[in-house]
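Participant: return a 3D structure for these sequence lines:
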Amino acid sequence: MSSTNRSNSRKLHIADYYVTPIHTIVEFLNEFIKHEPNAFNGKVLDPCAGGDSKHLMSYPEALKQIGVRNNNIITMDIREDSLAFTKGDYLNYKCDGIYQTIITNPPFNIARDIIDKALIDVKDNGFVIMLLRLNYFGGKLREDLWKSHMPKYAFVHNKRLSFTDNGKTDSIEYMHCVWQKGYYPEFCQLKII
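Facilitator: All right, here's what the predicted structure looks like:
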């Protein structure tokens, strides 16, 4: 998710495609599994997997690099040019209780919808992990989310991320926000990585 040229239309989803740096995801995953070593022991879904003729699917590749078996990684994307196994709209996909973990970089304009659905779809005690702008914590529109479903962790990336091939960084800091279904603490643990 990038703060520039954001799409407001599901039909223009391709304009909302930014490649998440694999090394950044690996850095997060290596830190995360120190705290939750069993998070990837079951099926893992990336519902906005991306990838195209020039880029690997970022989260599936990073998961493989930390030892998650390929047959446990399920990929989906709405874009027809995506490398995802399933082409379709996650928001219309029926998958209650199948996945141990749902992890992705959601398009900003539908991030809340994806978070809400993932929190329903993931197995009990499973994890929902989203790459979000750090300022996602702000705003009245999400206040109810924090009151009812406070994340367990926020892993804040201390370096600004680049989502484009030219290496230019985005204008804001990002975090991997982690929920554990059924465990909604009073406050979120924050770690800077």
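Participant: isn't I172 up against G138?
Facilitator: No - with contact defined as Cβ atoms under 8 Å, I172 does not reach G138; the gap is 11.5 Å. (Each C-beta comes from the backbone N, C-alpha and C, glycine too.)
Participant: where do the strands sit along the chain?
Facilitator: Assigned strands in the chain, in chain order: 44-46, 73-77, 86-87, 101-104, 127-133, 153-156, 174-180, 189-192 (criterion: DSSP state E).
Participant: between those strands, which one is closest to G167.
Facilitator: strand 174-180 (16.0 Å; Cβ to Cβ).
Participant: report all helices and strands that that closest one contacts.
Facilitator: When contacts are defined as 3 or more Cβ pairs under 8 Å, 6 or more residues apart in numbering; DSSP states H and E, strand 174-180 sits against helix 22-35, strand 127-133, strand 153-156.
Participant: could I get those as JSON lines with mean pLDDT and distance to E61?
Facilitator: Formatted as JSON lines, these follow (pLDDT from 0 to 100; distance: least, Cβ to Cβ, whole Å):
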{"stretch": "helix 22-35", "mean pLDDT": "97", "distance to E61": "5"}
{"stretch": "strand 127-133", "mean pLDDT": "97", "distance to E61": "14"}
{"stretch": "strand 153-156", "mean pLDDT": "98", "distance to E61": "19"}
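Participant: now render those as TSV, adding distance to T75.
Facilitator: As requested, the helices and strands packed on strand 174-180 are arranged in TSV below (distance: least, Cβ to Cβ, whole Å):
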stretch	distance to T75
helix 22-35	14
strand 127-133	15
strand 153-156	22
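Participant: most packed of those?
Facilitator: strand 127-133 (a mean of 24; mean count of other Cβ atoms under 10 Å).
Participant: per-residue pLDDT, C95?
Facilitator: pLDDT recorded at C95 is 90.
Participant: who touches the closest residue to it other than its chain neighbours in this structure?
Facilitator: The shortest distance from C95 to any non-neighbouring residue, by Cβ to Cβ, 6 or more residues apart in numbering, is to D121 (5.1 Å). Going by Cβ atoms under 8 Å, 6 or more residues apart in numbering, D121 touches 45, 95-99, 102.
Participant: one more pass at 7 Å, please.
Facilitator: Counting by Cβ atoms under 7 Å, 6 or more residues apart in numbering, D121 touches 95-96, 99, 102.
Participant: what is the neighbour count of V68?
Facilitator: Per other Cβ atoms under 10 Å, the neighbour tally for V68 reads 20.
Participant: thought it was touching G42?
Facilitator: No - V68 lies out of contact with G42 (Cβ atoms under 7 Å); the separation is 10.1 Å.
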